[in-house]
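Visitor: Next come a sequence and a model predicted from it.
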Amino acid sequence: MSLRAIFQMDPLNQLNLERDSTVALIEEGHRRGHSLYHYTPSALGWREGHLQARGAPLKKGKDDRLSLSSGPQELLDPETFDVLFIRQNPPFNLEYITTTYLLEHLSGKVLMVNDPQGIRQSPEKILMTHFPDLMPPTLITQETLDIQEFWREHQDIVIKPLYEFGGESVLRLKEGDHNLMPALELFRKAYPDQPWMVQKFLPDIFRGDRRLFLLEGQLMGGFMRVPPPHSIRSNAARGGTAIAYTPDARDEEICQRIGPTLDKLGLFFVGIDIIGSYLIEINVTSPTGLRILDQLYDMNSASLIWDMIEKKCKLS
């Protein structure tokens with residue numbers, strides 16, 4: 001017996017076939033003989049009591065790996081699938097939020113990775129505010145006076161837009177820096193509709209941050225990401241280098257603390273970022289890094305995720 005699985009995802013031509021975690025999940029699904037389909041978030045709609053999506057089958061390319069193609073487009077009924085993957089990248093905009101509202105019609109009918117209501121309640125930088133003792137000193141605001149006061153207190157800070165991803169617009173402002181006001185002016189122009197997150201700068205970032213993965217609230221594995229010279233951004237898209245890493249007691253403690261909340265929200269597969277002893281981000285929409293994990297440890301992380309899915313769908 002095979003599963004019917006559908007991916008809400010970015011367009012195929014935007015995927016990096018060698019690096020993308022979504023592609024790893026698709027390849028493993030094909031290897032297991034499941035029937036896979038896809039659609040983009042803008043193609044999801046609702047008509048007369050039913051969800052619908054303009055999408056197409058996902059087919060293996062000629063090489064069977066690192067090659068995907070799309071079959072002819074058709075009108076799909078998401079309710080006829082066994083599992084739905086929500087795998088598009090943020091930003092957390094109205095289209096993004098609308099899909100989570102619409103997909104709630106599938107609750108209890110289709111296994112969703114991750115649960116849309118849980119995703120909507122858990123923007124990447126907001127969910128961790130429920131664990132303030134795990135975070136570095138943090139301020140979320142657009143108020144200039146509050147940011148100035150926070151800067152005077154901590155002297156060395158990082159400011160970033162609340163709903164961006166991939167290291168977008170992360171700025172460091174040290175004591176005596178004359179760029180605070182110009183930076184805030186730039187943020188107001190570039191991100192007028194979202195608050196900003198301001199945090200005490202953590203020098204441990206120069207040694208790297210840790211990207212860890214949780215599956216059903218349990219630590220699955222992880223690696224260290226080291227920023228390039230003259231940078232505080234360790235994301236692969238910003239030139240960061242991944243190295244093998246063995247999670248320590250603090251990592252385990254953080255995972256144990258947040259695991260029950262993730263499970264309660266239906267967030268089955270999650271990536272978290274840690275600098276030093278502090279939780280920096282919880283990624284719930286489309287965690288990336290499975291390819292890196294597999295290369296560093298000679299494993300098949302997508303297989304672990306599919307094992308979980310098949311178990312929940314009572315195939316094993």
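Guide: Cool, the structure landed. Numbering: from 1, shown residues only.

Visitor: isn't Val23 right up against Lys60?
Guide: No: judged on CB atoms under 8 Å, Val23 makes no contact with Lys60 at a distance of 11.3 Å. All C-beta atoms are positioned from the backbone trio N, CA, C, and that covers glycine.

Visitor: quick one: contacts of the longest helix seen in the chain?
Guide: Secondary structure of the chain per DSSP state H: the longest helix is helix 249-264. Counting by CB atoms under 8 Å, 6 or more residues apart in numbering, helix 249-264 makes contact with 127-128, 130-131, 134, 210, 212, 214, 216-219, 222, 270, 272, 274, 277, 279, 282, 284, all of which sit outside it.

Visitor: Which residues belonging to that helix are considered buried?
Guide: By neighbour count, with 16 or more other CB atoms under 10 Å as the criterion, the buried positions of helix 249-264 are 251, 254-255, 258-259, 261-262.

Visitor: out of those residues, who's nearest Thr241?
Guide: Taking CB to CB as the measure, Asp251 is the one of the buried residues of helix 249-264 closest to Thr241, at 19.6 Å.

Visitor: From Leu267, how far out is the closest one?
Guide: Using CB to CB, to the nearest Å, one gets 18 Å for the distance from Asp251 to Leu267.

Visitor: The lowest-mean-pLDDT helix or strand in the chain: partners in the sheet, and parallel or antiparallel?
Guide: Sorting the helices and strands of the chain by mean pLDDT, DSSP states H and E puts strand 68-70 at the bottom, at a mean of 78. Taking DSSP bridges as the criterion, strand 68-70 forms sheet pairs with strand 50-60 (antiparallel).

Visitor: Give the rounded mean pLDDT of the strand it pairs with.
Guide: For strand 50-60, mean pLDDT rounds to 93.

Visitor: Now that strand: buried residues?
Guide: If you call a residue buried by 16+ other CB under 10 Å, then strand 50-60 has these buried ones: 51-53, 55-58.

Visitor: Export that strand to PDB, keeping only CA atoms.
Guide: Taking Å, rounded to 0.1, in the frame of the first residue of the first chain, the C-alpha atoms of strand 50-60 are listed here in PDB:
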ATOM      1  CA  HIS A  50     -14.300  22.200  -0.500                       C
ATOM      2  CA  LEU A  51     -10.700  23.000  -0.800                       C
ATOM      3  CA  GLN A  52      -9.000  22.800  -4.200                       C
ATOM      4  CA  ALA A  53      -5.600  23.400  -5.700                       C
ATOM      5  CA  ARG A  54      -4.200  23.700  -9.200                       C
ATOM      6  CA  GLY A  55      -1.300  21.300  -9.100                       C
ATOM      7  CA  ALA A  56       0.400  18.400 -10.800                       C
ATOM      8  CA  PRO A  57       2.100  15.000 -10.100                       C
ATOM      9  CA  LEU A  58       5.800  15.100  -9.100                       C
ATOM     10  CA  LYS A  59       7.800  12.800 -11.300                       C
ATOM     11  CA  LYS A  60      11.300  11.400 -11.100                       C
END
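
Visitor: Understood, closing this out.
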